[in-house]
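[1] I'll drop the sequence and a predicted model, then ask my questions.
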Amino acid sequence: MGAAALVFSGTLAAPFHLDDFALRNDPVVASSTGWMNLWSVTRPLTWATYWLNYRLGGEAPFGYHLANWLLHLACIYVLCGVLVRLIPHRAAVIAAAVFALHPVQTETVAYVFAGATSWMTLFCLLSLREWTLDRPWRAFLWFLPALLAKEECIAFPLVLPLIHHSKENGKRWIPVAAMLTMAMIAGLRVLYVASMTPGSGAGAQSGVTPLEYFAAQGSALWRYVRLLMLPYGFTVESPIQTGSIAAIPGWIALAACVALSIRYSIWWLAAFILVLPSSSIFPAADLSADRRLYLPMIAIGPGIGLLLQSRRRVISGVLLVCLALISVRQTLLWMNGEALWREAVRLAPGRVRPRIQLARQLAPPEALRVLDGARILAPGDPAIASEKGRVLLENGNPALALAEFGRALALAPSDARAVNNRGVALLRLGQKDAAEADFRRALQLDHCLFDALWNLRSIGIREEAPAGCRYTSRQSQALKEGA
């Protein structure tokens, strides 16, 4: 555990990345009364921890990273206590070390938004501990907060009787059935909330059909296997794309490997079951993500431990040192936003998002060159035009920014933010009336859009926010006091 604390200590100095920035403007997290709306989000327990983090440390990244770092250490501690009751002592030590130090864990520790995965795993491990102590109903109780942290653990109850047999197994099917019932309810709730939340990146909001997602997971799962065996190529951006000709054969070959592995250790089957909820038919915008292996690693680690327990100690020692060194390298990447996204562009050259994220880390001239490269890849993506307009506006070129915002609006006519952005450019050019019209149009498209309300206040028009809109405490105070 001490080695993991040292290896991942650099994450404490890491900045926010990607979705982390949304926390400062999230009406649930950044509002003193946000706790009252926790049940409106997909993962209420995780959002409750973000809310508490915001209360204690505001927008500073350190508190959020400290929570993730401590969560990883807590998972290691509980896992050690569980494994010594399930597998031989030496195999348990190796397994816990693999879970603690493998570089595939870096994303979960370093990415604040992946805290949901850490909380889910911790509660699943506490549930497993109670199960191994022949307290199945306590295991059921610990499983409930795991579901509230993140829904990807819905297959976890199937693993419990698989990896720990008991004379009382015949009497323990009721708590397992209760867990699966709660998992089904949680899954249906997530499906509903995700479908009703614009930009959720899941379900109907993902832009990927269930069949396309399922097919792509053949390639995604093989990527996970490769990352575990040859720990190179970790990236915050998924390099997997739909339509890969290797996807379906990948599923067939992978199923054959799982069938063969069962002969040697049931832990590999358990790992396969744990990864299925995020690698089956429920689509997500990211076709693969390193953090999705965090929970399955509680089974992958023992599988590796059992393989290495009979080998010479020097072999497992060298392996763990190599894993630790690679994890340090990955941690250093997460400490530097520009380096992280340059790596993502290199490993996923056909994806647009890493180029947009990289542009946000660069000075305007280089940022514009990166965005021009992104436009070659996806000329019809309005996000590229919006980002280019933002860079131009901040660099004192409102006329060129206006053209880019207009392009974004042409590509996405119903995007309230694109309309608002065009209004800002018009205002910078001295066209107040046209800017006001855009701000009002943006509010027609999204009547709660804070930026549009605030921009109207900036030109002396006090437009009241409609009832039912949720804002952060800072935004509510700003609207109350006026421009």
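    Sure, I can see it. Everything numeric here is computed off the predicted structure, so don't read it as measured data.
[2] verify the stated contact: residue 29 with residue 51.
    Yes - with contact defined as C-beta atoms under 8 Å, residue 29 and residue 51 form a contacting pair (5.3 Å). (Each C-beta comes from the backbone N, C-alpha and C, glycine too.)
[3] and the pLDDT for the most centrally placed residue in the chain?
    Residue closest to the average C-alpha location in the chain (C-alpha atoms, centre = their mean): residue 114, at 4.6 Å. pLDDT for residue 114: 93.
[4] again with residue 257
    66.
[5] can you check residue 394 too?
    Residue 394 is assigned 91 on the pLDDT scale.
[6] leaving out chain neighbours, which residue sits closest to it?
    Among residues not flanking residue 394 along the chain, residue 364 sits closest, at 7.1 Å (C-beta to C-beta, 6 or more residues apart in numbering).
[7] point out where the chain drops to low pLDDT.
    Along the chain, the parts satisfying pLDDT under 70 run over 166-170, 193-207, 243-250, 253-254, 257, 260-264, 482-483.
[8] quick one: buried residues of stretch 385-392?
    For stretch 385-392, burial by neighbour count (16 or more other C-beta atoms under 10 Å) applies to 385-392.
[9] nearest residue to residue 287 in space, please, no chain neighbours.
    Spatial nearest neighbour of residue 287, chain neighbours left out: residue 240 (4.1 Å); criterion: C-beta to C-beta, 6+ apart.
[10] surely that neighbour is within a helix?
    No - Residue 240: not assigned to a helix; according to DSSP: H, G, I helix; E, B strand; the rest coil it is coil.
[11] spit out the contact partners of it.
    216, 219-220, 223, 287-288 (C-beta atoms under 8 Å, 6 or more residues apart in numbering).
[12] quick revisit: for the buried residues of stretch 385-392, give me CSV that also has secondary structure.
    Listed next are the buried residues of stretch 385-392 as CSV, based on three-state DSSP:
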residue, secondary structure
385, helix
386, helix
387, helix
388, helix
389, helix
390, helix
391, helix
392, helix
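[13] closest to residue 77 among these?
    Using C-beta to C-beta, residue 387 comes nearest to residue 77 of those, at 42.5 Å.
[14] distance of that closest one relative to residue 370?
    Distance, residue 387 to residue 370, using C-beta to C-beta, to the nearest Å: 10 Å.
[15] need phi/psi at residue 284.
    Backbone torsions of residue 284, given as degrees, to the nearest 10, read phi -130, psi 150.
[16] that one: how many residues sit nearby?
    Counted with other C-beta atoms under 10 Å, the neighbours of residue 284 add up to 21.
[17] the stretch 1-150 of the chain: strands as residue ranges?
    With DSSP state E, counting those that start in this stretch, there are no strands along the stretch 1-150 of the chain.
[18] next one: the stretch 301-450 of the chain
    Remark: no strands are assigned in the stretch 301-450 of the chain by DSSP E, counting those that start in this stretch.
[19] any buried residues in stretch 7-24, and which?
    7-8, 10-12, 14-18, 20-21, 23.
[20] hang on, residue 220 packs against residue 279?
    Yes - if you go by C-beta under 8 Å, residue 220 and residue 279 touch, sitting 5.9 Å apart.
[21] so which of these two has more stuff around it?
    Neighbours of residue 220 and residue 279, each counted by other C-beta under 10 Å, are more numerous for residue 279; the result is 27 against 23.
[22] distance check, the closest residue to the more buried one other than its chain neighbours against residue 183.
    Nearest non-adjacent residue to residue 279, counting by C-beta to C-beta, 6+ apart: residue 217, 4.3 Å away. Distance, residue 217 to residue 183, using C-beta to C-beta: 20 Å.
[23] residue 12 too?
    Counting by C-beta to C-beta - residue 12 and residue 183 are separated by 34 Å.
[24] before we move on, what about residue 97?
    In this view, residue 97 and residue 183 are 30 Å apart by C-beta to C-beta.
[25] find residues that contact each of residue 220 and residue 279.
    residue 288.
[26] export stretch 420-439 to PDB, keeping only CA atoms.
    C-alpha atoms of stretch 420-439 as PDB (Å, rounded to 0.1, in the frame of the first residue of the first chain):
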ATOM      1  CA  ASN A 420     -25.000  32.900 -27.300                       C
ATOM      2  CA  ASN A 421     -21.400  32.800 -28.500                       C
ATOM      3  CA  ARG A 422     -22.300  34.600 -31.700                       C
ATOM      4  CA  GLY A 423     -24.000  37.200 -29.600                       C
ATOM      5  CA  VAL A 424     -20.800  37.800 -27.600                       C
ATOM      6  CA  ALA A 425     -18.800  38.300 -30.800                       C
ATOM      7  CA  LEU A 426     -21.400  40.700 -32.100                       C
ATOM      8  CA  LEU A 427     -21.200  42.700 -28.900                       C
ATOM      9  CA  ARG A 428     -17.400  42.900 -29.100                       C
ATOM     10  CA  LEU A 429     -17.900  44.400 -32.600                       C
ATOM     11  CA  GLY A 430     -20.300  47.000 -31.200                       C
ATOM     12  CA  GLN A 431     -23.500  45.500 -32.600                       C
ATOM     13  CA  LYS A 432     -25.500  45.700 -29.400                       C
ATOM     14  CA  ASP A 433     -29.000  45.200 -30.900                       C
ATOM     15  CA  ALA A 434     -27.900  42.100 -32.900                       C
ATOM     16  CA  ALA A 435     -26.200  40.700 -29.800                       C
ATOM     17  CA  GLU A 436     -29.300  41.200 -27.700                       C
ATOM     18  CA  ALA A 437     -31.300  39.400 -30.300                       C
ATOM     19  CA  ASP A 438     -28.900  36.400 -30.100                       C
ATOM     20  CA  PHE A 439     -28.900  36.300 -26.300                       C
END
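[27] just the residues contacting that stretch, thanks.
    386, 389-390, 393, 398-399, 401-402, 405-406, 408-409, 419, 442, 449, 451-452, 455-456, 458-459, 461.
[28] name the residues of it that are buried.
    Of all the residues in stretch 420-439, those buried under the rule 16+ other C-beta under 10 Å are 420-428, 431, 435-436, 438-439.
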